[in-house]
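S.K.: okay, predicted coordinates and the sequence, questions at the end:
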Amino acid sequence: MNEQLINAINRRTFLKGSSYSVGSAALAYLLSQETQAAPQWKGVLDEKLHFAPKAKRVIHLCMAGGPSHLETLDHKPELARLSGKPMPESFTKGQQLAQLQGSRNKLKCLGPQHEFKPYGECGRLMSSAFPNIGSIADDIAVINSMSTEQINHDPAHTFMNTGSVIPGRPSMG
């Protein structure tokens, strides 16, 4: 018989290993008791909102490589004003522009290539490139409140999906 294996499996090693298992089981039991004591979520938000929620599902479209938000649903009048002009230093200060090597004075802003106009009763500004989406402007929700200090796409996607710019964090997509 293998002498190393016999020495590896002794009483001390067995008890040490089993204490992890017992400890994990005890922690799981204690945490399950705590979650069972937590209030149910159903109806909790109804009291705090000024309207009853209607949404039953959320479809999150993370279209890496899809149309730019600047050409679809995110109207930026300042970008249109800066079109063709050098990119202000305040836009890139402290950022690493790996894919844009060279002098920052050579970087120029490019404004929207399509006109933005109001759609629906809500008057939502959308690109004229998507008139069919504009026809349902009152039926969709657009979230424009996300912001990040990242100006490169990959770190910004990581931040959007995980809440952190550190690669390797868990995400839902």
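M.R.: Perfect, I can see it now.

S.K.: I'd assumed residue 171 was in contact with residue 161.
M.R.: Yes. Using Cβ atoms under 8 Å as the test, residue 161 is close enough to residue 171 to be in contact (4.0 Å). From N, CA and C alone the C-beta is placed, and that goes for glycine too.

S.K.: which stretch of helix or strand covers residue 117?
M.R.: strand 116-119 (DSSP states H and E).

S.K.: buried residues in that strand?
M.R.: 116, 119 (16 or more other Cβ atoms under 10 Å).

S.K.: how about stretch 65-75?
M.R.: Within stretch 65-75, the residues that qualify as buried are 70, 72-75, counting by 16+ other Cβ under 10 Å.

S.K.: in strands, which of these appear?
M.R.: Judged by DSSP state E, the subset of the buried residues of stretch 65-75 located in strands is empty.

S.K.: make TSV out of these and add pLDDT and distance to residue 156.
M.R.: Output for those, formatted as TSV (pLDDT from 0 to 100; distance: Cβ to Cβ, whole Å):
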residue	pLDDT	distance to residue 156
70	82	13
72	87	16
73	88	16
74	88	13
75	90	19
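
S.K.: which one of those residues sits closest to residue 92?
M.R.: Ranked by distance to residue 92 (Cβ to Cβ), those are led by residue 70 at 16.3 Å.

S.K.: I'd guessed the closest one sits against residue 112; true?
M.R.: Yes. Contact criterion Cβ under 8 Å: residue 70 and residue 112 qualify, at 6.0 Å.

S.K.: please enumerate the shared neighbours of those two.
M.R.: Common contact partners of residue 70 and residue 112 (Cβ atoms under 8 Å, 6 or more residues apart in numbering): 76, 79.

S.K.: tell me where this protein has helices.
M.R.: All helices of the chain, identified by DSSP state H, fall at 3-8, 11-37, 77-82, 89-92, 131-134, 153-162.

S.K.: so which bits of the last one are buried?
M.R.: Buried residues in helix 153-162, counted by 16+ other Cβ under 10 Å: 155-159, 162.

S.K.: where's residue 108 relative to residue 87, distance?
M.R.: 6 Å (Cβ to Cβ, to the nearest Å).

S.K.: the more surrounded of the two?
M.R.: residue 87 (18 against 11; other Cβ atoms under 10 Å).

S.K.: any idea of the pLDDT on the more buried one?
M.R.: You'll see residue 87 listed with a pLDDT of 81.

S.K.: what's the domain layout of this structure?
M.R.: As assigned by automatic domain parsing, the chain contains the domains 3-37, 46-162.
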